[in-house]
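# Build me a model from this:
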Amino acid sequence: MSSNHQGIFSPRYFALSIGIILSVMAVGFEGLSVTTIAPSIAGDLNGLSLFGWIFSTYLLAQIIGTLVVGRIIDKRGPAAPFTVALLLFIVGLIAAATASDMYIMIGSRALQGLGAGAMMTCVYTAISLSYPDELRAKILGAFGTAYVLPSMLGPYVAGLIADHWSWRFVFWGILPVLVVSAFLSLPAFRKLKVQNTGGDSGSSSTWMALLLTMGTGIFLVGLSRLPSIVGFVLVTIGFVFMVFPLRKLLPKGTLTLRRGMPAILATRGLFFAAYTSTQNFLVLALIDVKGITPSQAGLIVASAALSWCIIAYLQGRWDAADQGRGRHMRIFIGVLLLATGIAIVFWVPVVTVTIAVIGQIIAGVGIGLAHPISGVVAFSQTGEEGVGQTSANLQFADSFTPGVVIGIGGSILVVCQAGGMSLQSGLIVAMGFHLLLIVMSIIASTRISPRR
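Residues are numbered from 1 along each chain as shown. Have a look, this model is predicted:
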């Protein structure tokens, strides 16, 4: 059946599309909601000293879930891994909702991270296998919108639930969404087949993923100890243990921006990390430096999410109109606009509400262009690695890089303040680091076309 006269919500794709969107929304809402309710969790469970591990454990487990499942998908297909990932995430939610101490909560976050990383990798795989090239821009645009929408409502809704009932109901409330998602999407997942690409059994990749997780953990702990000598030592050790497995797990040349698939992943990881980290530090600047209320800061950041959603929808139409010929240029323009948006809020002393909103809208347009299309281009260039590995690489770029960059940004603030600089000056330095990442992403985006 030709897909020329069908859309992602036509009868052929309806159940899978809705199931994918619901699963992405559930993961996105849970992740952003925890940011709001984490202080209440730590207070109720008498675990303020372990507060940071609520987030770090999730990130570290997500690395394992993302990288290991990609190899499994290329050998056995996505149905079984997706089922296991759903169960892990659901068990993690139940454990969090019933947690009696902080250690159980941290363990539940590990299960959630494993499940979320594997689940999103399976979703990317289903998109590549189920939808023809001309529909991928549209479903990936919907994917992005489903992930962004929780950023507009998630923290606020979670805050209301925690204030009027209990933070535990935030975890309980996500369960029905996942059940509906599984009901709709699992039948479609079971029909998906992959061609076994051979290669290793996956054990070496698993060990590399574990080594990367360990290195990342040491690196993040070291960042939290800066500017002490112990902090510098741990950061150095962690960095070494991160670089070696990254060179093995990612396509060769990703760290040096090699043309083709490596440049696509580098472009995506750099611009997504810069965008995510900028959002966090802009909120801090607006609240602690400019004196804006948290709710006002949230609305300003939501303006980027709104423009992202609009452009993510429109770019699917543009991709169909030019039959994909303008994809590389749209990625380049998107990253350039994202750089413009970050540059507008870079100089914290002159940032006002109006300037912040303008910068956020432009940044949202930029990432709304670049993020979905970079996924489409990656799948169009998928070769011997297999669709599962490409899916894992895309999810890895969306999770690992932002987590590390936010940690680096936080250490920049700490070091600047330890050196006698004001919070305002430290934020300018952190924003400058984000601009550097964007410049590197712009360079990488000029190399996404494979060598002829």
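# C-alpha only now, for contacts and for neighbours.
Will do.
# What is the burial count for Leu436?
Other residues near Leu436 number 15, with proximity taken as other CA atoms under 10 Å.
# do the same with Gly420
Counted with other CA under 10 Å, residues neighbouring Gly420 total 10.
# residues touching Leu210, list them.
The contact partners of Leu210, by CA atoms under 8 Å, 6 or more residues apart in numbering, come to Ile64.
# Where do the helices of the stretch 301-450 of the chain begin and end?
327-346, 353-380, 387-418, 423-445 (DSSP state H, counting those that start in this stretch).
# domain parsing for the chain?
The domain map for the chain lists 8-199, 203-249, 253-452, with the assignment taken from automatic domain parsing.
# Any chance of CSV for those, columns mean pLDDT?
Listed next are the domains of the chain as CSV, based on pLDDT from 0 to 100:
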stretch, mean pLDDT
domain 8-199, 82
domain 203-249, 86
domain 253-452, 85
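# Please determine how far the closest residue to Ile367 other than its chain neighbours is located from Val289.
Nearest in space to Ile367, with sequence neighbours left out and distances taken as CA to CA, 6 or more residues apart in numbering, is Gly334 at 5.9 Å. Counting by CA to CA, to the nearest Å, the gap between Gly334 and Val289 amounts to 29 Å.
# Check Leu250 too.
The spacing between Leu250 and Val289, counted by CA to CA, is 39 Å.
# more neighbours, these two?
Taking neighbours as other CA under 10 Å, Leu250 and Val289 compare with Leu250 leading, 20 against 17.
# Identify the residue spatially nearest to that one, adjacent ones excluded.
Spatially, and ignoring its direct neighbours in sequence, Leu250 is nearest to Asn393 (6.9 Å; CA to CA, 6+ apart).
# For burial, what's the neighbour tally of that neighbour?
When neighbours are defined as other CA under 10 Å, Asn393 has 23 of them.
# can you check Asp322 too?
Neighbours of Asp322 using other CA under 10 Å come to 10.
# repeat for the one 3 residues further on
A total of 12 residues lie near Arg325 under the criterion other CA under 10 Å.
# So which bits of stretch 174-183 are buried?
Buried residues in stretch 174-183, counted by 16 or more other CA atoms under 10 Å: Ile174, Leu175, Leu178, Ser181, Ala182.
# and those as TSV, adding secondary structure?
As requested, these are arranged in TSV below (DSSP: H, G, I helix; E, B strand; the rest coil):
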residue	secondary structure
Ile174	helix
Leu175	helix
Leu178	helix
Ser181	helix
Ala182	helix
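# want to throw these into JSON lines with distance to Phe82?
As requested, those are exported to JSON lines (distance: CA to CA, whole Å):
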{"residue": "Ile174", "distance to Phe82": "17"}
{"residue": "Leu175", "distance to Phe82": "16"}
{"residue": "Leu178", "distance to Phe82": "12"}
{"residue": "Ser181", "distance to Phe82": "11"}
{"residue": "Ala182", "distance to Phe82": "9"}
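# and Val345, what is it in contact with?
When contacts are counted by CA under 8 Å, 6+ apart, Val345 is found next to Leu282, Val351, Ile355, Ala356, Gly359.
# I'd like to know how far the fourth one sits from Val348.
Distance from Ala356 to Val348, counting by CA to CA: 10 Å.
# Tell me which of the two has more neighbours.
More neighbours surround Ala356 than the other of Ala356 and Val348, with 25 against 21 (other CA under 10 Å).
# hang on, the earlier thing: any of the contacts of Val345 buried? List them.
When the contacts of Val345 are checked for burial by 16+ other CA under 10 Å, the buried set is Leu282, Val351, Ala356, Gly359.
# any idea which of those is closest to Ile428?
Nearest to Ile428 out of the buried ones among the contacts of Val345 is Leu282 (CA to CA; 10.1 Å).
# What helix or strand is that closest one located in?
When elements are assigned from DSSP states H and E, Leu282 belongs to helix 261-284.
# Flag every buried residue along that helix.
261-279, 281-284.
# still on that earlier bit, reformat the buried ones among the contacts of Val345 as TSV; add distance to Val240.
Below are these laid out as TSV (distance: CA to CA, whole Å):
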residue	distance to Val240
Leu282	30
Val351	38
Ala356	37
Gly359	36
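# Return the member of the residues you listed nearest to Ile139.
Closest approach between the buried ones among the contacts of Val345 and Ile139, by CA to CA: Gly359, at 26.7 Å.
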